[in-house]
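> structure for the following, please:
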Amino acid sequence: MKATGITALVRSPLPPVVFPAAFVFLLLFGFGPNLPLAILSVIILILGSALLWRPGDSPILLLLFGYQWLQASARIFHSNFKGVDVSDLSYAVGQVSLASFLSLVALLTLAIGLRIGAGPWRAFDGQVCRYIAISQNTKSWFRLYALAWVGSAAALLLAQYVPGLSQPLLAATTLKWAFFWILAYATFIRPSDDRKYLLLAFLFELALGLGGYFSEFRTVFFITIMAMAAAGTRISGRWIVALSALGALLLTIAVVWTAVKDEYRDFVSGGRKAQIVTVDYSARMTVLTQMVADLEMGELADAVEETVNRVGYVDFFAVVLNTVPNIIPHEHGTLWLDAISRPFMPRILFPGKSAINDSERTNYYTGLGVSDHTAGTSISIGYIGETYIDFGEIGMMVAIFTYGLVLGRVYRWFLQGPRTQGLLGMALNSAILLGATALETSITKVLGGLIVNILVAFLFARYIVPSYVPWIVFNRKRVRSPAA
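Take a look at the predicted model:
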């Protein structure tokens, strides 16, 4: 493989947007009653970003850290903006300052584990991806994405008829996002190429996401932004404008969704208070459009406040700090052991396996009486709080470091492994690890989802790719390596 036509990748110390973002956060929201926590938050943002910045690679590790950092810090900056103590905005009585501190330190240990597990950054990895991506035109990549989407839809349909295999079948639907990432990446590395295929796929996925019970519109934005970041070796004004526009659109949709979601979910579930969809897509979109059109400014203002509170996710952990171990003893690894063992116990072989009930666990360890599945919802403590329940303040840091180490090793395995090296590995990383980006996810769900997704991706790379799309993986026997 010749380096001709392949842009040289140089690693800068930090992503170009981190210092400006840190300065804005500190200037606008840092000064106030919670200044020490705000300073700690900004320092951890800079350190974590420096550890995980890998230009030319998909920034999934940076997103995994950065989104959780935002969730752990939102309460701090919001409280400073209002000029109150961080605990004053909490909807539950708990140790919010300590929960924020422990969450931020845990995220730094996570970033360290991710960095060690992923290994040193290599310009070679990004060069290989660019080479493979430009070997085909965007129309070809769109066709692959379309095939992956059809396979995903078929797996989703089959999961309804074979519930015992729902976990691996639902994991197979994740592959669609890997090929969407490839389509977006291949489009962005060709500045003058036809972008209608990506636009079509983006609007299609956005429309489907908006029509579901949970309205999973974030995924298409995150995947697209990661592809843009991986493809761009230089930050230009045009690149910043495009990212800003995507971010503004995502924020707008998030606020609007917050304002209408309760009424919308009641409609799509047929009033059953269950996480089901009983109405066809056209009816759902018609009603959703009408709900949005009927919104008033006061409702939107309330939705902005609720969105900020929803992003911040330390309140349940804060209450847990009161109850564990004072009332309920530490579990000494019980929650983590259950999370690790579940994926290897498919329900078709273990029909007696208990269902995951996040709200029941939250109520047990907090006593708050949050809504459960009977109200069509599921509320988790969050994996950091659950790790504290298992191991305490010191032990949780060791467990989360190990968790980061494993995720980083998975990232490296896909990116550099012989069956996935190059474009496929980077795409699989972007799709699979996206499931670990939310602070509020239960460790049982996040670990179970990751393990099954990794197994399905491995089988796909082992048995499907060599027969049908072998050229999507770097092969040293076919081409000469670019200069690293």
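> now stretch 20-33: average pLDDT?
For stretch 20-33, mean pLDDT rounds to 89.
> enumerate the positions of stretch 395-410 that are buried.
396, 397, 399, 400, 401, 403, 404, 405, 407, 408, 409, 410 (16 or more other CB atoms under 10 Å). In this view, the C-beta of every residue, glycine as well, is placed from N, C-alpha and C.
> which non-adjacent residue is nearest the last one?
For residue 410, the nearest residue in space outside its immediate sequence neighbours is residue 454; the separation is 6.2 Å by CB to CB, 6 or more residues apart in numbering.
> separation between that neighbour and residue 222?
19 Å (CB to CB, to the nearest Å).
> residue 311 now?
Applying CB to CB to residue 311 and residue 222 gives a distance of 14 Å.
> quick one on the thing from earlier: next up, phi/psi of the residue nearest to residue 410, please.
Residue 454 adopts backbone torsions of phi -70, psi -40, taken as degrees, to the nearest 10.
> going forward, begin numbering at 622 instead of 1
Sounds good: first residue 622 from here, last item residue 1075.
> these two touch, right, it and residue 1053?
Yes: between residue 1075 and residue 1053 there is a contact under CB atoms under 8 Å: 6.3 Å.
> tell me the contacts of the spatially closest residue to residue 763 that is not a sequence neighbour?
Among residues not flanking residue 763 along the chain, residue 818 sits closest, at 3.9 Å (CB to CB, 6+ apart). Shown in contact with residue 818 (CB atoms under 8 Å, 6 or more residues apart in numbering): 759, 760, 762, 763, 804, 808.
> so what's residue 874 closest to, chain neighbours aside?
residue 838 (5.6 Å).
> what is the burial count for the one you found?
Close neighbours of residue 838, defined as other CB atoms under 10 Å, add up to 20.
> next one: the one 5 residues further on
Here the neighbour count serves as a burial measure; for residue 843 (other CB under 10 Å) it reads 19.
> that one is in contact with residue 1056, isn't it?
No: using CB under 8 Å, residue 843 is not in contact with residue 1056, being 11.0 Å away.
> on that earlier part again, and the residue nearest to residue 763, what pLDDT?
94.
> can you map out the helices along the stretch 772-921 of the chain?
787-793, 796-809, 817-831, 839-852, 858-889, 902-914, 918-932 (DSSP state H, counting those that start in this stretch).
> how far does the longest one sit from the chain's center?
Same thing as helix 858-889. What separates the centre of helix 858-889 from the centre of its chain is 16 Å, taken as CA atoms, centre = their mean, to the nearest Å.
> what comes up buried for that helix?
So, applying 16+ other CB under 10 Å, buried residues of helix 858-889: 860, 863-864, 867, 871, 874-882, 885-886, 888-889.
> name the residues of whatever helix or strand residue 660 lives in that are buried.
Element membership for residue 660 (DSSP states H and E) is helix 656-673. Using 16+ other CB under 10 Å as the test for burial, helix 656-673 gives 658, 659, 661, 662, 663, 665, 666, 669, 670, 672, 673.
> so which of those residues comes closest to residue 822?
Nearest to residue 822 among the buried residues of helix 656-673 is residue 673, at 27.6 Å by CB to CB.
> the spatially closest residue to residue 715 that is not a sequence neighbour: neighbour count?
Leaving aside its sequence neighbours, residue 715 sits nearest to residue 939 (CB to CB, 6+ apart; 3.0 Å). Residue 939: 25 surrounding residues under other CB under 10 Å.
> residue 939 against residue 711, yeah?
Yes: between residue 939 and residue 711 there is a contact at 6.4 Å, judged by CB under 8 Å.
> common neighbours of the two, please.
residue 717.
> do you know the pLDDT at residue 974?
For residue 974, the predicted pLDDT is 67.
> which ones are touching residue 687?
With the criterion set at CB under 8 Å, 6+ apart, residue 687 makes contact with 666, 669, 670.
> what strand or helix carries it?
helix 681-703.
> low pLDDT regions in this protein?
Low-confidence segments of the chain (pLDDT under 70): 622-632, 813-814, 834-836, 854-861, 864, 894-896, 967-974, 994-997, 1097-1105.
> quick one: the residue nearest to residue 763 from residue 782, how far?
32 Å.
> now, of the contacts of residue 818, which are buried?
Neighbour counting with 16+ other CB under 10 Å marks 759, 762, 763, 804, 808 as buried within those.
> quick one: the helices in the stretch 622-771 of the chain?
Using DSSP H, counting those that start in this stretch, helices in the stretch 622-771 of the chain cover 639-650, 656-673, 681-703, 717-739, 744-754, 759-782.
> chain center to the shortest one: distance?
A distance of 24 Å separates the C-alpha centroid of helix 744-754 from that of its chain, computed with CA atoms, centre = their mean.
> next, the angle helix 839-852 makes with that helix.
Using axes from the mean of the first three to the mean of the last three CA atoms, to 10 degrees, the inter-axis angle of helix 744-754 relative to helix 839-852 is 110 degrees.
> what distance separates the start and the end of stretch 911-922?
19 Å (CA to CA, to the nearest Å).
> swap in stretch 940-957?
End-to-end for stretch 940-957, by CA to CA: 20 Å.
> next, the buried residues of it.
940, 941, 942, 945, 952, 956, 957.
> mind checking how far the residue lying closest to the fifth one once chain neighbours are set aside is from residue 1060?
In space, not counting the residues next to it along the chain, residue 952 is nearest to residue 1011; the distance is 4.9 Å by CB to CB, 6+ apart. Residue 1011 sits 17 Å away from residue 1060, taking CB to CB as the criterion.
> and for residue 840?
Residue 840 is 17 Å from residue 1060, by CB to CB.
> do residue 639 as well
Where residue 1060 is concerned, residue 639 sits at a distance of 19 Å (CB to CB).
> residue 795 too?
20 Å.
> neighbours around residue 1037, how many?
Neighbourhood size, residue 1037 [other CB under 10 Å]: 18.
> can you pull the contacts of it?
746, 1046.
> where does it fall, phi/psi-wise?
The phi/psi pair for residue 1037 (degrees, to the nearest 10) is phi -120, psi 0.
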